[in-house]
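Engineer: Sequence first, predicted model second:
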Amino acid sequence: MSDLLDRIRGALVGLKMPRALEALDHTLQQLEKGEITAIEAIDTLLSEEYPTRETRRIDVALRTAKLLPAKTLESFDFSFQPSLDRERIAALAQLDFIRRAEVGHFLGPPGTGKSHLATALGVAAVKAGKSVYRATLADLIDALSQAEREGRLVEKIRFYTRASLLIVDEIGYLPITTGGANLVFQLVNARYEKGAMILTSNRGFAEWGEVFGDPVVATALLDRLLHHAVVIQIEGASYRLRSHADLIPEHVRANAPITPPLPPKRRGRPPKTNNGASDH
Ligand code: ADP
Ligand code: MG
């Protein structure tokens, strides 16, 4: 008996199950007194350990995946975004698209919850044990360019193809050089039909030629990114601006700033300096 107990203790130490080890004696006493059944004893020991370990695993995976601050589907207010089909998001949250190596696109103006939904799906995937990585397109291109300069491009692309879900956020905000577009193409090509992606963009596909600075590369990219794809278009108001809607001019609200606003034009002559005259 004591040999057996020593072996169990040794195994719990080896398996790094300190909480179960700590609970062992008490659980055995309860078992001997007939207060719990054998199956309950096993359950007690495992549930001392598992939730803590699972929480830790998820914390580490979320950090590694760059999914912090984490978002959830439960915290998404669907009533704020009536154009969005809740059922389609729920279907994505089943995560079969990851197994099928499909591409999910979230399109819409700024503040409509594209990044929130992409992150929430990433978090759900991490909880389900999938490997996930998230980056903005700008960061991705920076990392790929740097790797290329250092002769490590193949490794870097391999790194980005390893995750079963790659989230590429913020396509369309920043201009991309031809070199950058080519690197993105290499990455997309490497993942094509092998790994799932979620992309978010404030620009329609028709504008990708402009976004990637090259219509040929954009066409080749879209060819792969739309082959097995789910496209979710969000048409609505910015959640960020919801409490300031009255401060934003109607034409901006209706047609959220897809291109940055031009700097205000100065009318008339530039103000003279040192003449004491006011501009009013
Ligand atoms: P986008 O990526 O479309 O520009 P985000 O997903 O970053 O917008 O949303 C901006 C902020 O508003 C985030 O903090 C996000 O969590 C929050 N948010 C956006 N839409 C909703 C919503 N419908 N319900 C709850 N929070 C939302
Ligand atoms: Mg965003």
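Structural biologist: Everything's here; your move. Ligands and ions are numbered 1, 2, ... in the order given.
Engineer: going forward, measure contacts and count neighbours with C-alpha atoms only.
Structural biologist: Will do.
Engineer: Show me where this protein dips below the pLDDT cut-off.
Structural biologist: Flagging of the chain using pLDDT under 70 yields the residue ranges 245-280.
Engineer: mind checking which helix or strand the residue most central in space within it is in?
Structural biologist: Geometric centre of the chain, nearest residue: residue 119, 3.4 Å, by Cα atoms, centre = their mean. Per DSSP states H and E: residue 119 is located in helix 114-127.
Engineer: What are the contacting residues of that helix?
Structural biologist: 58, 61-62, 67, 70-73, 76, 92-93, 95, 106-108, 131-132, 165, 167, 169-170, 198-201, 234 (Cα atoms under 8 Å, 6 or more residues apart in numbering).
Engineer: now stretch 206-213
Structural biologist: In contact with stretch 206-213 (Cα under 8 Å, 6+ apart) are residues 171-172, 174-178, 181, 215-219.
Engineer: which one of the residues you listed is nearest residue 137?
Structural biologist: Minimum distance to residue 137 across the contacts of stretch 206-213 is 5.8 Å, recorded for residue 171 (Cα to Cα).
Engineer: in the sheet, who's paired with the closest one?
Structural biologist: Per DSSP bridges, residues listed as beta-bridge partners of residue 171: residue 201.
Engineer: my guess is it meets residue 205, correct?
Structural biologist: No - contact criterion Cα atoms under 8 Å: residue 171 and residue 205 do not qualify, at 10.6 Å.
Engineer: of the contacts of stretch 206-213, buried ones?
Structural biologist: Neighbour-count burial (16 or more other Cα atoms under 10 Å) applied to the contacts of stretch 206-213 gives 171-172, 176, 181, 217-219.
Engineer: top helix in the protein by residue count?
Structural biologist: In the chain, with assignment by DSSP state H, the single longest helix is helix 38-64.
Engineer: Got the domain ranges for this protein?
Structural biologist: Domain assignment for the chain by automatic domain parsing gives 2-58, 65-253.
Engineer: With respect to burial, which of those scores highest?
Structural biologist: domain 65-253 (a mean of 18; mean count of other Cα atoms under 10 Å).
Engineer: what angle do the helix holding residue 119 and helix 38-64 make?
Structural biologist: Here the directions of helix 114-127 and helix 38-64 differ by 140 degrees (axes from the mean of the first three to the mean of the last three Cα atoms, to 10 degrees).
Engineer: After helix 114-127, heading C-terminal, what element do we hit next?
Structural biologist: The element immediately downstream of helix 114-127 (helix or strand, assigned by DSSP H and E) is strand 132-136.
Engineer: Next secondary structure element downstream of that following strand?
Structural biologist: Following strand 132-136 in sequence, per DSSP H and E, is helix 137-149.
Engineer: Just want the angle from that next one to strand 132-136.
Structural biologist: Interaxial angle, helix 137-149 versus strand 132-136 (the same axes, to 10 degrees): 100 degrees.
Engineer: and helix 137-149, does that touch ligand 1?
Structural biologist: No - figure legend: helix 137-149 not in contact with ligand 1 (Cα under 6 Å from any ligand atom); closest approach 12.8 Å.
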